[in-house]
Structures are given as structure tokens and as C-alpha cells.
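1. need a structure here:
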Amino acid sequence: MNQDLFRQIPQLNDLLSLASVAALEDQWSRGEIVAALRDQLDVVRASLKAGHDLPDFASESFVRAIEAAMQDRRQLNLRPIINGTGIIIHTNLGRAPLAPSALQAIDASARGYTNIEFDLNNGKRGSRYDHIRDLLRDLTGAEDAVVVNNCAAAVTVAMATFARAREVIVSRGELVEIGGSFRVPDVISQNGARLVEVGTTNKTHLADYEKAITNNTAAILRTHTSNYQLVGFTAKPAMADLADFAHSQGVLLIEDLGSGTLVDLSPYGVGNEPTVGDSIKAGADLVTFSGDKLLGGPQAGIIVGKASLIAALRKTPLLRAMRIDKLSLAALEATLRLYQEPFQPEKEVPVLSMLTAQPAALEPVAVELADALSRIQAVTATVHPSMGEAGGGSLPGVELPSFCVALSIGKLNPQETISALREGDPAIIGRIVKNDAILDVRTLMPGDIARIASSVEAIQSS
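-> Reported below is the predicted structural model:
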């Protein structure tokens, strides 16, 4: 290593005084230029260690490198991507893509002021929760509803309001952990309640609840295991029987449905998920569920149930800390309206459209993608059957027959292909199956095929 070359690297202030670098201040802040120069000097040092020569610091290529670095720094960290994984409610990719009407509602609300907490009829302060109350009552059959910023918050608010310093009974088979290490036992204990476990991992009977009831019992919490599946020698009380028992003992029955759905998906061959309406009809006093999973809307935690209980939730101070923002509320309202007649949510809500798409409809999409990619020099693309899934802790064990395109770009191996797609513009997320780099078409959005082809062509020509 030639130490003399390292000593010839200019000082930062000397570089800033160069006319070509100083001229950058017409378009860039001095702080941006300084940061980019430091990064570029690190590149130069690494280059020297690899045995290369010093660059010409006054050259146009050096200045262009600084500009490119500053352009990269100005890019938004949160970027749109193309989901080619076949996993519909992909937590790492932002879960549910929104319907066009929800996007329009966000745009309209973001551009100016809204009546989020203003009653246009009387000119007085209103409630943000009233905007979706009637919709949720109509769609679930519940007496009332309130919305917070996510489902974990919904369970937290319910426990803090109704079970503080009292007991909550939960079946051992339902003491689940969801994303981010959010555990049912923790949310109960952290809100001042005492967890009472009943039954076993695989079987819990009504008699187990009967033995656990005391004068200090506030609620039975039924947790729908929407993120895993317990099969085989299992048993649990029917929801209606558990509701009758809870009410005979004067305690609440709260159900956390987790992913939650408003429509029966079984006619489409997509599992046997209970609907929110089913739980209300069976006698649950409160039901909590997510807005950004099977509902197909924005991140939100929805609580529906008895009017007196919802009224109490609205008064708890914790609700303000968990409240939903105006953009999410606008998107949620627009999404919920797609569940009303004459709309067809399975066609107009992207998550439901993807979930219910049949293989016969997906194969032509895969053929179209393969044809578009095959027209690119040194790219091969072939169509294969594949399996997708709901994702996002929803519909565990349910596989969704689909079609994918296995592609090869030049001399890149499958892992290099997946990396190149991910690092391209737009970023494309695929996966490796049986040593093939694949893109599952179930999760592609309108216009994605052209964008994929453009990105792959840029990768091949680079």
C-alpha cells in the first residue's frame, strides 16, 4: 500500500474551495456537499487500499460522483415496490394495498382541511369516531363502534378500560404472540389486569371457564388464532355457548379476531375464517380486529360491540393516545363503503381481489409477463404453477394456488437475480423456489408488468 498516495488526498476545505465543487452550491446545500465529499473520500481510501490510483479531484467525473451521492441522499426512504412474492398481506411490504377510492379519499383529505372533528350541521365540535360509526354498525350488526390506530391498541384500550385491577380469563391455547413480540399475556398484565389461564394448549372446555370464574373476574378474552393453526386433537367451546356462559356470570366476552374479515371467504375456497358479524351474532360484547389485513384498508384497530361499552371506551383517556389520524380514517371510510351494495368488495378491494383470484385467471397474467421478459436480450422467462399465501398473520395454513414466472437475467445466478431486482428502480421483490428466481403474479398490481420489464431491461444492459 502506497502511503504517499494517502497523504496526497486533499483536505475537505481544499476540496470545497475548488471552483467545480463550489459551483454545486447553486443547487445543493453546503451541508449536503460536505456529507457527500466525506463519503466520496471514504470511497477513494478504499480504492487506494485495493491498489488503484488517486482520482483527479478537479475532474468532472469526481464532481458527478458527488452529485450522484447527493441525489441518493435526497431519495425518500419509503419507496413504492413491486410485490412478486405471492404473499398478499406482506407485513414487511406495508400489508394491504388500498383501493383507488381509498387513495382518492386520502388525497382529498391531505390537500386541505377536513371536518374530522367538526360538526357541519351545528357548527360545533364533533367526534372523529362518528364518521365510520354507522358504516361499521351496518356491516357488522354491532350496536356501536370506535376506531384506534391498530389492533394491538384496540385490545390495549379494552383491557385498560374494563379489566384494570381485575381478572381476565384466557384459554392457554390462545395465549398468542403476534408481530413485534406483542403477547396477549403482556397486554393484559401491562394494563393492570391479572391473567387467569384455563384449559390446555389443545383443549379447553366450558367447565374450565366455570372453575376459573370469581367475584373479581372482569372478562373472558377469546383470541382468534389467526396467525397459526392448531390441528388434530383439539376442542374449544362454541362462541355462542361461551357468550351465554359469560353473560350468566355477569362478565364480558371480548373477542380479538386479529385479522378480521367482513365477508365469508369460504365460497372462494379461502379457509374458513369467522366474520366479525358472526362473532357479534354469537353474543360477543366487544370484537377487535385490524383494518389493514383481511379488511383490505389502512392500518387501524376497530372495536365493535355493545353501545354502553363503546361509550365507556370513548371516555377513557388512553383512547386519545391511540387515536386514528385523518388520512387513515379517510381511507378506512372509503374502504368500508366498498362493502356496501351495490359494490362488490371481492373485486374492488385489492386484498380480497388477490385472495379470491382463481388460477385460471392468473395463468394468462403469468404468460403476459413471461412474454414481455422474453423479448429482452439474454433474458429467459418461463411460466410455472406456484403457491401463494395470505400473509400478515392471516389464514394460517391456507395455500393459494397461483402461477409464477421463473426468470434468468444474463449470467446472474438466482440469488444475484433476486438482489438485482430488489436494488433496481422500481424495487421488485421476488423469491427463490427450487433454485429459481420467481415472481408470483397473484400480488402484481395494474401496470406492474411494464415496470418489471423496464427494470429487467435496465439490469441486463448495465
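
2. would you map the strands across the stretch 1-150 of the chain?
-> For the stretch 1-150 of the chain, the strands defined by DSSP state E, counting those that start in this stretch cover 81-83, 118-119, 124-125, 144-148.

3. for the ones you listed, which one sits closest to residue 18?
-> strand 81-83 (38.4 Å; Cβ to Cβ). From N, CA and C alone the C-beta is placed, and that goes for glycine too.

4. quick one: mean pLDDT for the closest one?
-> Here strand 81-83 scores 97 as its mean pLDDT.

5. tell me the strands beside that strand, with direction?
-> Sheet pairing of strand 81-83 (DSSP bridges) gives strand 427-429 (parallel).

6. and the helix or strand just after the strand it pairs with, what's buried?
-> Downstream of strand 427-429, the next assigned helix or strand under DSSP states H and E is strand 431-433. Going by neighbour count (16 or more other Cβ atoms under 10 Å), the buried part of strand 431-433 is 431, 433.

7. same thing with stretch 125-135?
-> Quick answer for stretch 125-135 (16+ other Cβ under 10 Å): 126, 128, 129, 131, 132, 133, 135.

8. could these go into TSV alongside pLDDT and distance to residue 285?
-> Shown next, in TSV, are the buried residues of stretch 125-135 (pLDDT from 0 to 100; distance: Cβ to Cβ, whole Å):
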residue	pLDDT	distance to residue 285
126	94	27
128	94	23
129	94	18
131	95	24
132	96	20
133	96	17
135	97	20
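
9. read off the pLDDT value for the closest residue to residue 294 other than its chain neighbours.
-> Distances taken as Cβ to Cβ, 6 or more residues apart in numbering put residue 261 closest to residue 294, at 4.0 Å, once the chain neighbours are dropped. On the pLDDT scale, residue 261 is placed at 93.

10. looks like residue 261 contacts residue 279 (just checking).
-> No. With contact defined as Cβ atoms under 8 Å, residue 261 does not reach residue 279; the gap is 10.8 Å.

11. where along the stretch 151-300 of the chain do the strands fall?
-> 167-171, 177-178, 182-183, 194-198, 217-223, 252-258, 286-290.

12. any chance of those strands in TSV, plus distance to residue 323 and mean neighbour count?
-> Below are the strands of the stretch 151-300 of the chain laid out as TSV (distance: least, Cβ to Cβ, whole Å; neighbours: other Cβ atoms under 10 Å):
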stretch	distance to residue 323	mean neighbour count
strand 167-171	24	24
strand 177-178	21	18
strand 182-183	19	14
strand 194-198	27	17
strand 217-223	23	23
strand 252-258	19	25
strand 286-290	15	29
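
13. make a markdown table from those and add distance to residue 27 and mean pLDDT to it.
-> As requested, the strands of the stretch 151-300 of the chain are exported to a markdown table (distance: least, Cβ to Cβ, whole Å; pLDDT from 0 to 100):
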| stretch | distance to residue 27 | mean pLDDT |
| --- | --- | --- |
| strand 167-171 | 60 | 94 |
| strand 177-178 | 46 | 68 |
| strand 182-183 | 45 | 73 |
| strand 194-198 | 59 | 93 |
| strand 217-223 | 55 | 94 |
| strand 252-258 | 49 | 94 |
| strand 286-290 | 44 | 96 |
